[in-house]
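In: Provided below are the primary sequence and the corresponding predicted coordinates.
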Amino acid sequence: QVQLVESGGGLVQAGGSLRLSCAASGRTFIRHVMGWFRQAPGKGREFVAARRWSGGSTNYADSVKGRFTISRDNAKNTVYLQMNSLKPEDTAVYYCAAALLRERLLDGDCDYWGQGTQVTVSS
């Protein structure tokens, strides 16, 4: 069974940091593009960051550029989202996702999704 399991969410003050983890299992994702999305209360899901599992270029939403970094650890089969300088507007449920094509992932058309982890940033 293919699974993406997020962890690392929580409550943090504005200006603080969190690192989200996405543990992948059930298949190899070496050919996939891995991404992070988020959904704030009352809003639609939005793209946050993406990178191909095997390496290469990354994509970031303008709202997180310079503050968030996506990375992966092959040995642990895990993708990370390091979030620094957090703002109250970063409050959302964060989802990990995977797609074979970068264009599909950027459109939110993903093959696999995690269950999400809550991030709350207090002012």
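Out: On my side now, so go ahead.
In: which strand residues bridge the residue nearest the centre of the chain?
Out: Central residue of the chain (CA atoms, centre = their mean): Trp36, 2.3 Å from the mean position. Applying DSSP bridges to Trp36 gives these bridge partners: Ala49, Cys96.
In: give me the distance between it and Val79.
Out: 8 Å (CB to CB, to the nearest Å). For every residue, glycine as well, the C-beta is placed using N, CA and C.
In: okay, and the common contacts of these two?
Out: 22, 70, 96 (CB atoms under 8 Å, 6 or more residues apart in numbering).
In: which one of those residues is nearest Asp90?
Out: Checking the shared contacts of Trp36 and Val79 against Asp90 with CB to CB, the nearest one is Ile70 at 14.8 Å.
In: contact partners for Lys76?
Out: Contacts for Lys76 (CB under 8 Å, 6+ apart) come out as Ala23.
In: so it is in which element?
Out: Using DSSP states H and E, no element contains Lys76; it sits outside every helix and strand.
In: look at it and report its pLDDT.
Out: Lys76 is assigned a pLDDT of 93 by the prediction.
In: repeat that for the one 3 residues further on.
Out: pLDDT, Val79: 97.
In: same deal with the one 5 residues further on?
Out: Taken from the predicted model, the pLDDT recorded for Asn84 is 98.
In: picking that back up, and which of the shared contacts of Trp36 and Val79 is nearest Val5?
Out: Among these, and counting by CB to CB, the member closest to Val5 is Cys22, at 7.0 Å.
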